[in-house]
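**Student:** I would like to see how this sequence folds:
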Amino acid sequence: MLLSQATVLREKHAKEVKNLTLMTQPLNTLKLFVEAYVLYIKRSVSYLIAHGVWFMLVTTLLVASGVLLVTVDGPHGKHVEEVLEYVRFSLWWIALGVASSIGLGSGLHTFVLYLGPHIAFFTLKATQCGRVDLKSAPYDTIQLKRVPSWLDKSCLEFGHSLMISATGSHVPLTSIFLKIQLEVVLWGIGTALGELPPYFISRAASISGSTVDGIQELDDASSSEDTGFMATYLNRIKRWLLTHCQHLNFFTVLVLASVPNPLFDFAGIICGQVGIPFWKFFLATLIGKAIIKTHIQTIFIISVCNNQLLDWMENELMWILSHVPGLASVLPGLIAKLHTMKEKYIHASPTVASNIKVKKWDLSFASIWNGIVWLMLLNFFVKIVTETAQRHLKKKQEKVIAALTHSH
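**Tutor:** Residues are numbered from 1 along each chain as shown. Here you go, the predicted model:
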């Protein structure tokens with residue numbers, strides 16, 4: 001009798017969790033989200049008061065010293081402003097990295113939105129101007145409500161081209177890479193930090209003797225057949241990782257973190273569940289994401305935008321076509337057309353004289369791009385609120401079932 005009541009209650013609770021979204025129950029979802037957030041703050045404050053007295057004392061002293069340095073005028077003002085610029089720059093790129101990987105698969109893809117375009121724009125500008133000393137400072141990058149100073153400048157403002165070859169300006173890949181490496185590494189550090197919550201949640205669940213939601217949902221999915229092809233395929237990979245978790249070590253985590261891997265959050269859950277030490281997991285994740293993976297992505301974008309990959313593809317294509325009978329006579333014209341297209345792609349359009357008025361289209365690319373970014377931010381916020389509210393509701397439901405079990 002008790003078992004049947006618990007089963008019926010679990011089915012009812014599962015439906016309630018499934019129906020709890022901002023679209024169907026906005027007020028209830030927001031209420032549960034606020035409850036969960038307030039509870040988290042209370043627990044964090046209680047933990048700091050109980051265990052982090054020295055930490056709170058040092059933090060208070062640092063904050064007070066920082067406020068004092070900022071508010072009091074003096075010869076140190078310039079240096080303080082410079083330090084603040086570096087702090088804003090570092091926090092911005094680390095936060096973008098965290099946003100990209102946090103949320104168990106529902107993260108904001110900030111590489112596509114911010115870092116990738118930043119690398120591409122800098123590479124194109126360096127190729128156009130034939131030099132890499134474009135930044136006024138290392139923190140002269142895209143940031144919140146700020147565009148880099150070099151983006152809208154003409155090449156003449158930087159001076160003559162410093163890197164010229166027989167075919168025109170040629171900027172080495174390594175020279176470009178060194179100028180943008182700092183923001184790339186900071187973003188990679190953020191992605192590594194964003195992978196820690198699943199590990200900590202799973203580790204805490206393992207210590208308490210329970211299983212984390214991701215593994216429990218995988219078990220539930222294995223018993224249901226009402227899933228699509230892609231979901232079935234991903235669940236099959238997750239089960240393979242789960243059955244081979246004894247092989248997880250520093251090297252395997254490093255390999256999983258070094259390639260684009262949508263299932264790495266699940267690997268972090270397994271690492272926490274089987275008791276992989278924190279420093280082993282975090283160092284492997286940090287090296288894989290902040291050094292190996294980000295450098296591979298950056299080098300690819302620079303190669304495409306710096307025309308090196310296009311040159312290699314052109315040479316290979318011309319070599320193949322030169323061996324095709326009847327095409328030898330067509331190749332010179334084809335090569336000339338390709339070079340014309342490349343010139344239009346690489347070189348900026350000529351500047352318009354200030355006395356000539358140009359009619360601007362109100363629906364600019366920038367406004368469309370900003371609209372897409374805000375839509376993605378809104379979607380990210382909705383997912384975070386919904387998942388937090390659903391998780392909080394699940395915990396309340398578990399207490400109800402536990403109370404029912406103990407009463408009998």
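
**Student:** quick check: buried residues in stretch 292-307?
**Tutor:** 292-295, 297-298, 301-303, 305-307 (16 or more other C-beta atoms under 10 Å). All C-beta spots, glycine's among them, are computed from the backbone N, C-alpha and C.

**Student:** what does that stretch contact?
**Tutor:** Under the criterion C-beta atoms under 8 Å, 6 or more residues apart in numbering, residues 111, 116, 119-120, 123-124, 126-127, 171, 173, 176-177, 180-181, 184-185, 187-188, 191, 254, 257-260, 309-310, 342, 346 lie in contact with stretch 292-307.

**Student:** of the residues you listed, grab the buried ones for PyMOL.
**Tutor:** Buried residues among the contacts of stretch 292-307 (16+ other C-beta under 10 Å), as a PyMOL selection:
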select buried, resi 111+116+119+123+124+126+127+171+176+177+180+184+185+187+188+191+254+257+258+310+346
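
**Student:** A helix includes Lys289, no?
**Tutor:** Yes: under DSSP: H, G, I helix; E, B strand; the rest coil, Lys289 falls within a helix.

**Student:** pLDDT score for it?
**Tutor:** According to the prediction, Lys289 has pLDDT 91.

**Student:** so it is in contact with Leu193, correct?
**Tutor:** No: contact criterion C-beta atoms under 8 Å: Lys289 and Leu193 do not qualify, at 9.5 Å.

**Student:** which ones are touching Ser136?
**Tutor:** Taking C-beta under 8 Å, 6+ apart, we find Ser136 in contact with 149-150.

**Student:** now Cys271
**Tutor:** The contact partners of Cys271, by C-beta under 8 Å, 6+ apart, come to 199, 202, 248, 253, 281.

**Student:** rewinding a little: for Lys12, state which of the buried residues of stretch 292-307 is nearest.
**Tutor:** Looking at those and their distance to Lys12, the nearest is Lys293, at 43.8 Å (C-beta to C-beta).

**Student:** tell me the confidence at the closest one?
**Tutor:** Here the pLDDT value assigned to Lys293 is 91.

**Student:** equivalent analysis for Phe55, please.
**Tutor:** The confidence metric pLDDT takes the value 69 at Phe55.

**Student:** contact partners for Gly268?
**Tutor:** Taking C-beta under 8 Å, 6+ apart, one finds 195-196, 198-199, 202, 281, 285 in contact with Gly268.

**Student:** could you tell me which of these belong to strands?
**Tutor:** In this view, the contacts of Gly268 have no member that belongs to strands under DSSP state E.

**Student:** in a markdown table: the residues you listed, plus pLDDT, distance to Asn28 and neighbour count.
**Tutor:** Supplementary listing: the contacts of Gly268 in a markdown table, determined by pLDDT from 0 to 100; distance: C-beta to C-beta, whole Å; neighbours: other C-beta atoms under 10 Å:
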| residue | pLDDT | distance to Asn28 | neighbour count |
| --- | --- | --- | --- |
| Glu195 | 85 | 31 | 24 |
| Leu196 | 85 | 30 | 19 |
| Pro198 | 78 | 26 | 26 |
| Tyr199 | 81 | 31 | 23 |
| Ser202 | 75 | 28 | 25 |
| Phe281 | 89 | 36 | 23 |
| Thr285 | 92 | 36 | 28 |
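
**Student:** among those residues, which two are most distant?
**Tutor:** Spatial extent of the contacts of Gly268 (C-beta to C-beta) is set by the pair Ser202 and Thr285 at 14.0 Å.

**Student:** tell me the secondary structure for the closest residue to Trp150 other than its chain neighbours?
**Tutor:** Closest residue to Trp150 apart from its sequence neighbours, by C-beta to C-beta, 6 or more residues apart in numbering: Leu134 at 4.0 Å. The three-state label given to Leu134 by three-state DSSP is coil.

**Student:** who are the contact partners of Leu134?
**Tutor:** Going by C-beta under 8 Å, 6+ apart, Leu134 touches 122, 125-126, 150, 153, 158, 179.

**Student:** and the gap between it and Cys305?
**Tutor:** Look at Leu134 and Cys305: by C-beta to C-beta, to the nearest Å, they are 14 Å apart.

**Student:** looking at this protein, which helix or strand is least sure?
**Tutor:** In the chain, no helix or strand scores lower on mean pLDDT, DSSP states H and E than helix 213-223, which sits at a mean of 50.
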